[in-house]
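Asks: Dropping the sequence and predicted coords here.
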Amino acid sequence: MSDAVSALDGRAAEPRPGLRLAECGLRGQITLRAGDLASSALVGAVEAITGVAVPEALSAGFAGDDRGAVWMAPDELLLFVPHAEVAGAVEMLEGALAGTHHMALDVSHARAVLRLEGADAAETLAKGAPLDFSEAGFPVGRARRTHLGGLAVGIWRRGPEEWELVCFRSFAHHLFAWLETSGVEGAEVGRFGV
Amino acid sequence: MAHRLEKGGRLIDRSQPLGFRFNGRDLEGFEGDTLASALLANDRVLVGRSFKYHRPRGIVASGAEEPNALFGVGAGNRFEPNQRATTTELHAGMEAISQNHWPSLDFDIGAVNAAVASMLPVFSAGFYYKTFMYPRAAWKHVYEPFIRRAAGLGKAPSERDPDSYEHLHAHTDVLVIGGGIAGLAAAREAAASGARVLLVEQTAHWGGRALAEAETRIDGVPAADWATARAAELEADPSVVTRLRTMAAGLYDHGYALLYERVSDHRPGTPGAPRHRLWRVRAKQIVVATGAIERPLTFAGNDTPGVMLAGAVRDYIRLYGVCPGRRAIVYANNDDAYRTALALHEAGAEVVGIVDVRHDAEGALPEMARALQIPIHEGRGIARARGGKRLEGVEIGRLKSGTEIGGAGPAETVDLVAMSGGWSPVVHLYSHCGGKLAWDDTALMFRPHPEAGAPLGPDGEINTRCAGAANGELTSAPCLADARMAGRAAAEAAGFTPGPELPVPAVEEPAEQPVAAHWFTPSRDKYAHGTKHFVDFQNDVTAADVRLAAREGYESVEHTKRYTTLGMATDQGKTSNINGLALLAEALGAPIQKVGTTTFRPPYTPISMGAIAGQAAGPLFKAVRQTPMHGWHAANGADFEPVGDWERPYCYRREGESREAAVRREVLNARGHVGLLDASTLGKIAVKGPDAGVFLDRIYTNMMSTLKPGRCRYGLMCNENGFLFDDGVVVRTGADSFLLHTTSGGSDRVAGHLEEWLQTEWWDLEVYVQNVTDHWAQIAVAGPEARRLIEAAGTDADISADALPFMAFAEGTVAGCPARIFRISFSGELSYEIATPAGHGLALWQALHAAGEAFGAMPYGTEALHVMRAEKGFIMIGDETDGTVTPQDLGLHWAVSKKKDDFLGKRAQSRADLIRPNRKQLVGLSTEDPAEVLPDGAHAVEDIDAPKPMRTIGHVTSSYFSPTLDRSIAMALIERGSERMGETLLFPVGEDKVIRAEVVSPVFYDAAGERQNV
């Protein structure tokens, strides 16, 4: 079997000192659609697979680098598992939800995950997305779907200075270049309210 | 003459001289100068020529309202036209050139316009509409070339802009616009409540007018020092964000504001720094503390270089240590202008007099002037300013009535007139999103009138307040009181509890007597008619023009604006609007309130195109989608073209090979051997649920619920109007799951379409859809050797003709990659499309090429794909469809179910217009000359001798040279096309050329479909 590669094969950059950008490599990703995200079968399966509880609206939870769950919509979650586990995880979900209307789809290759870290990460994101990236407006654990630099993206805050973004795989090079350009040394915004 | 003073100038640093060039001459200024102050320091009084008459013009103002001093600034790829000298910070090495003159600023041939204008009604109000009507032919050859040469101010830059620009989204509780004493006071109050405050100031300094007002003291110190101290406090406050050089360009609904930050204009070329940053602010509350703009007085020759606004004169003296003249006269209708007489006196200029239209100048400021022995001429006006490129003197006369001025009054030799017609609050931003104004007959100004309408937030409550001078409070004590109230009110409305009342600043300021209404100073002789009384300096609109418009029936101020061009220039009439509409009101005999203002629209002053584009320039201009094999394509000669959002190889060119030759080679190779196409861009949508079949039966025109698992079916999607909008192969992947293929450009649109129907109309259906386009790389292997190639690459799936017949689907591995194998064909050849997870895409592509070497495999691009599908008569969405074409028009009746009760478009397709027999129908075209390729879009006519405009009966939708058939082929939509088989149609294609083509079947190649069925 050939070895799969992620969109940017783990490309990394430091557009300005202390601002680190990297593609996270291939992660197992599952889109889970179901009418009731609180059903015990679903909650149990999600926790077993990802190690975290089903996140509340506009939230994300993580148990390690590539294991977690993100709330995407009232009937949709994005689950992360190590890539090697994704087929088994889909099977497990199918089993747990058998008989109820749902969709559990391996979308590991459909999206690229980028990580942006550093004190200036929030200002860099604010150059493209119309969200309030302040501690109050976007606390750790918050997840939002929005537009950034003309792209549909999902963004969640994993730590005070640690953010992850997903976009469709075919746009990964654009998102990477956009973040690298917007975070370039010399383009610091300074204090602006985040 | 204008000159630099020995001392003074709050904003300049005399230890930092800066060299700059103006019209090729080396000049010197200081750090802190604006280009305007530096030019005046060098006695450059003449700075440009006016727009229509090319009259000599000088600097009038000291800020954003400047109408005249527009320059081309920068050189080479950093050249930019129409930069206001008054807001352009000087930097070392700056290059500036004046505009709108030829051959030189001093000698300008265009000034002949003015000479002509004095004899003919050329350029007077409505001149475009009157003068250039007849004779008709003259427009093209005489008038338009003339206007084009005369029109426009600066020259457009000719090189690509090397600078970067960016956007920034910011959120705040309270946005305070303006860093004068009002803005500072409002921000301070708002911040005391704990609200997040964003305070912005368009210039490089806090303090606004207070910086130049030496007669005002606040809390026992000069107003300027008070402002500087308050600004320092706010800058240190962690809940306040402060920005200088940041202008609010526009206010929009619900607290959305655009701010324009000039990040590095004053230090051009700073590495990494954007030149401008456009702030896109969402504020809960907004305080507009934008101050006021001084109005000129309207008198004969008021545009002569050396006639300036009074406030600007004291700005130049006190902020930049520049005195704009040596012998000056002040002309005013208010007390405030007397401050300028004091400043001039203090600067050592000779103030030969103050001409005051009022009969009783007895306020504190006039008394201070009297104490300095400055003569005050009450009840008088300036009948005329004399001079050409420089002011020489004025004639003063006694004002008898609105239309008369007394006989020859004293003539004074002066080189500076400081004029003041009163102040107008800057209500522009407030008006951008619904703030209403009322005319104040005492203060002579339009001021905010929230009772009649104010900008509202999403909750329907007022979210924008004017404060201080912008709210009509021109003197410091009421200005500060008003601003403090506005700051507290904004904080409260943003959900915060205002802090304890801060101590009221104690203001010491000379009291002022009321301003007098005076909109026009009469003159004598040939100047009596107002043709030299300039109202709009930038657009050369005079009092006579405004009156003419009124006489000709232009009662609406909006119409007068367009007829006379009053207020239409780059300054949008900041100095001219109120004077113009007061004159109009006077001419119409109507109150000013009734005449009203023209509409204020963003931006407040022009902002750069770069700031609007932000980061979306160069490689980031548009997000372009790339497949996992993109790098391989680029390394193997791909000549890319955009397809939807994707970048796809049009063809792969070998060394020295033309596009045409490459396409020909790729087509012949696929038909003769085998070709490989990167089809990853194909839209792919997963559909799952117990009602998936029912759902797809409604979405597609044909039946999908009867499709067996493991089989594929070509389907058409129509909108409710019955028109075809997407097509593709549907695969049944399981009992309740399907995979839809869409066009490359259509995946997002179709996914949205499906979601919309599920969410808004058919929410009772248990179906989920998911766009999985990017999850799969897809490769078409097409050609007689396709099966052998895949087998050679290694597969565990049985892809034999029996096990995997045409329109079947199998899963397995190919070359070690997980694969879904679809036996489908868009080329008409034996063809498999192999989908693999995108992360395997490149590996599979390379493995297939390696295995294909033995079979003569070559990659082919989108053009070969198009040619081959056209040879087969397959339609292409966007070529054969344009949003008005039905499946029936394209002869696709077979794909429209007659059994189904309903599907999207079914009802529309029975409407009279969609079933009329003379609709355009798809046909093939065979040109008489097989080498002649019809142009795409060429129109067919029945009668080539018919008079123009000729009736056309249809057009070419696809046209290629077919390498397979060695002749041209085309498809077209032709009226009653299906009845015209064998007819010859005529295509006039320009000049006198007519291409003749016979109507044939659109299937040019292998009509029986034998090649794909092997």
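Replies: Arrived safely, thanks for sending.

Asks: Find the closest residue to chain B in chain A.
Replies: Relative to chain B, the nearest point of chain A is A:Gly186 (1.9 Å; C-beta to the nearest C-beta). All C-beta atoms are positioned from the backbone trio N, CA, C, and that covers glycine.

Asks: if I read this right, that residue contacts B:Arg267, doesn't it?
Replies: No. A:Gly186 lies out of contact with B:Arg267 (C-beta atoms under 8 Å); the separation is 11.0 Å.

Asks: so what's in contact with those two at the same time?
Replies: Contact criterion C-beta atoms under 8 Å, 6 or more residues apart in numbering or on different chains; residues shared by A:Gly186 and B:Arg267: B:Ala273.

Asks: so how far does stretch B:265-277 reach from one end to the other?
Replies: 11 Å (C-alpha to C-alpha, to the nearest Å).

Asks: What are the buried residues along that stretch?
Replies: B:Asp265, B:Pro268, B:Ala273, B:Pro274, B:Arg275, B:His276, B:Arg277 (16 or more other C-beta atoms under 10 Å in any protein chain shown).

Asks: what's the helix or strand for the last one?
Replies: I take that to be B:Arg277. strand B:276-288 (DSSP states H and E).

Asks: now for that strand, which elements pack on it?
Replies: In terms of contacts (3 or more C-beta pairs under 8 Å, 6 or more residues apart in numbering or on different chains; DSSP states H and E), strand B:276-288 is packed against strand B:165-177, helix B:181-192, strand B:246-251, strand B:256-262, strand B:464-466, helix B:476-493, helix B:609-613.

Asks: Identify the single longest strand in chain A, thanks.
Replies: strand A:151-159 (DSSP state E).

Asks: how about low-confidence regions in chain A?
Replies: A:1 (pLDDT under 70).

Asks: what's residue 36 sitting at in phi/psi?
Replies: Answering for chain A, as no chain was given. Per-residue torsions, A:Asp36: phi -120, psi 100 (degrees, to the nearest 10).

Asks: hmm, I had chain B in mind actually
Replies: Taking degrees, to the nearest 10 as the convention, B:Ala36 sits at phi -70, psi -50.

Asks: can you pull the contacts of it?
Replies: B:Ile59, B:Ser62, B:Glu66, B:Ala69, B:Arg84, B:Ala85, B:Thr86, B:Thr88, B:Tyr316 are the contacts of B:Ala36 under C-beta under 8 Å, 6+ apart.

Asks: Please report how far the spatially closest residue to the first one that is not a sequence neighbour lies from B:Leu319.
Replies: Looking back up the chat, that one is B:Ile59. Take B:Ile59 and drop its neighbours on the chain: the residue closest to it by C-beta to C-beta, 6 or more residues apart in numbering or on different chains is B:Ala69, 4.6 Å away. Using C-beta to C-beta, to the nearest Å, we find B:Ala69 at a distance of 16 Å from B:Leu319.

Asks: circling back to that earlier point, could you report the neighbour count for the residue of chain A closest to chain B?
Replies: 13 (other C-beta atoms under 10 Å in any protein chain shown).

Asks: Likewise for A:Glu164?
Replies: With other C-beta under 10 Å as criterion, A:Glu164 counts 21.

Asks: Please apply the same query to the one 10 residues further on.
Replies: By other C-beta under 10 Å, 22 other residues sit near A:His174.

Asks: And the one 10 residues further on, by the same measure?
Replies: For A:Val184, the neighbour count with other C-beta under 10 Å is 19.

Asks: For it, give me phi and psi.
Replies: The phi/psi pair for A:Val184 (degrees, to the nearest 10) is phi -60, psi 150.

Asks: wait, doesn't it sit right on A:Arg16?
Replies: Yes. Under the criterion of C-beta under 8 Å, A:Val184 makes contact with A:Arg16 at 6.3 Å.

Asks: Mutual contacts of these two, please.
Replies: Common neighbours of A:Val184 and A:Arg16 (C-beta under 8 Å, 6+ apart) are B:Gly272.

Asks: Please, where are all the strands along chain A?
Replies: A:12-16, A:19-23, A:28-34, A:60-62, A:68-73, A:76-81, A:102-106, A:111-117, A:143-148, A:151-159, A:162-168.

Asks: can you list those in JSON lines and add distance to B:Leu668?
Replies: Compiled in JSON lines, these are given as follows (distance: least, C-beta to C-beta, whole Å):
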{"stretch": "strand A:12-16", "distance to B:Leu668": "44"}
{"stretch": "strand A:19-23", "distance to B:Leu668": "41"}
{"stretch": "strand A:28-34", "distance to B:Leu668": "42"}
{"stretch": "strand A:60-62", "distance to B:Leu668": "54"}
{"stretch": "strand A:68-73", "distance to B:Leu668": "48"}
{"stretch": "strand A:76-81", "distance to B:Leu668": "46"}
{"stretch": "strand A:102-106", "distance to B:Leu668": "40"}
{"stretch": "strand A:111-117", "distance to B:Leu668": "38"}
{"stretch": "strand A:143-148", "distance to B:Leu668": "45"}
{"stretch": "strand A:151-159", "distance to B:Leu668": "40"}
{"stretch": "strand A:162-168", "distance to B:Leu668": "36"}
